[in-house]
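A.B. asks: based on what follows, work out the 3D shape:
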Amino acid sequence: MIEQRKNEHIILSVKENVEFEYKTTFFEYVELVHNAIPEINLEDVDLVTSFLGYGLSAPIIIAGMTGGTDLAYRINRDLAKVAEEIGIGIGVGSQRIALEKSDAAKSFSIVRKIAKNVPVIGNIGASQLVKGLSLDDFDKLGEMVKADAIAIHLNPLQEAVQVEGEPDYSGILEKIEYFVKNSSYPIIIKETGAGISREVAEKLVEVGVNIIDVGGSGGTSFSKIEALRTKDTFSKRIAMDFAEWGIPTAISILETRSVSDRLTIISTGGIRDGISMAKALRLGANICGIALPMIRAVYNGGYEEALEVMKIFIRELKIAIFLTGANNVKCFKKKPVIIYGLLREWLEQRKIQDF
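C.D. replies: Numbering: from 1, shown residues only. Predicted coordinates for the structure are as follows:
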């Protein structure tokens, strides 16, 4: 059943409209100030960024999406080729199935076999920690992909609306603290499309978490995916009613950054071009993660199309930084930015001023 569900998630993401319809990422309320005299050469703009002990060619990861099936094997293989070719990070989807079905491990381990010189991120759901995942099994996930870190993904919304869901988050913070303190792998806490609030970020920092993937709303709606999956009218109605739930990505970056300057923040959730990526970085993200555009590209056109899509993202990011007069990411983060509209209203009501 898990294998079938994973394939359904892939197919629906590729073939159906699974994105938020009304709510956006709020990046449209962020304006980078154009510099008509940048006084630098575009080709000299340096995007190199440190992450998990690696020097990435750009502050980008291919976000963890899938694994556990033959289709997922082919997707992870080709995406790993892109990550290795360009020199960016890559994550895998939830590895739970590989703990239950040993032959599923190859669909995850293929990533490190190909992406040998970039950071690789393992993945397991918070619900599995609550159910009693052992430290040994947790570390096996890291060994499976020779991970540089393991993401614990938070998806309470998806678990709540999924027919087969396991929406039990009892004691999850204590579990996270245990694995942060005892696992041999760095841990990333990753939301999956509903965002991280300031209050949640504060709790995570208190238990020792120092890398957070905000996974904001405005991109892929997993509640919508679950509505499309099920034929049960009761469950479909509920899932569709929650299809627009969540904290927009731009807001989630600012809420999380307001907690600590020391956090490493990954921005996923509706990153659809290099300009949005630049805005995410300027608001406080350290790394941007791309999911839906990559899985669609690799499904439709394999490695070549996925590589082309990633090159477009990187070129657009480079141009956006150039047009502010910056020649590297560090310099860019000091350039002026304008925040207005609903995003400004949110920040004022939440008393978040620094960005």
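A.B. asks: return the distance of whichever helix or strand Gly301 is part of from the chain's centre.
C.D. replies: Following DSSP states H and E, one finds Gly301 within helix 292-322. Counting by CA atoms, centre = their mean, to the nearest Å, helix 292-322 is centred 16 Å from the centre of its parent chain.
A.B. asks: what's downstream of it, the next helix or strand?
C.D. replies: Counting by DSSP H and E, what follows helix 292-322 is helix 329-332.
A.B. asks: which residues touch that next one?
C.D. replies: Asp46, Leu47, Thr49, Pro59, Ala278, Leu281, Arg282, Ile321, Thr324, Ala326 (CB atoms under 8 Å, 6 or more residues apart in numbering). All C-beta atoms are positioned from the backbone trio N, CA, C, and that covers glycine.
A.B. asks: buried sites along it?
C.D. replies: For helix 329-332, a neighbour-count test (16 or more other CB atoms under 10 Å) marks Val329, Phe332 as buried.
A.B. asks: returning to what we had before: what helices and strands are in contact with the helix holding Gly301?
C.D. replies: Judged by 3 or more CB pairs under 8 Å, 6 or more residues apart in numbering; DSSP states H and E, the packing partners of helix 292-322 are helix 2-15, strand 60-62, helix 70-86, helix 274-283.
A.B. asks: could you redo the last one with a cut-off of 10 Å?
C.D. replies: Counting contacts by 3 or more CB pairs under 10 Å, 6 or more residues apart in numbering; DSSP states H and E, helix 292-322 packs against helix 2-15, strand 60-62, helix 70-86, helix 274-283, strand 287-290, helix 329-332.
A.B. asks: relative to whichever helix or strand comes after the first one, what are the paired strands and their orientations?
C.D. replies: Going back to what we said before, that points to helix 2-15. Next in sequence after helix 2-15, counting helices and strands by DSSP H and E, comes strand 30-32. Strand 30-32 has the following sheet partners, assigned by DSSP bridges: strand 337-339 (antiparallel).
A.B. asks: for the partner strand, what is the average pLDDT?
C.D. replies: The average pLDDT within strand 337-339 is 97.
A.B. asks: residues contacting it, please?
C.D. replies: 26, 29-33, 250, 254, 278-279, 282-283, 324, 344, 346-347, 355 (CB atoms under 10 Å, 6 or more residues apart in numbering).
A.B. asks: and after it, which helix or strand comes next?
C.D. replies: helix 341-349.
A.B. asks: related to what we said a few turns ago, from the contacts of helix 329-332, list the buried ones, please.
C.D. replies: Neighbour counting over those (16+ other CB under 10 Å) leaves Leu47, Thr49, Pro59, Ala278, Leu281, Arg282, Ile321, Thr324, Ala326 as the buried ones.
A.B. asks: any idea how far the third one lies from Pro293?
C.D. replies: From Pro59 across to Pro293, the span is 16 Å (CB to CB, to the nearest Å).
A.B. asks: contacts only, for Glu8.
C.D. replies: Contacts for Glu8 (CB under 10 Å, 6+ apart) come out as Ile225, Glu226, Leu228, Arg229, Thr230.
A.B. asks: out of the residues you listed, who's nearest Tyr340?
C.D. replies: Ile225 (32.1 Å; CB to CB).
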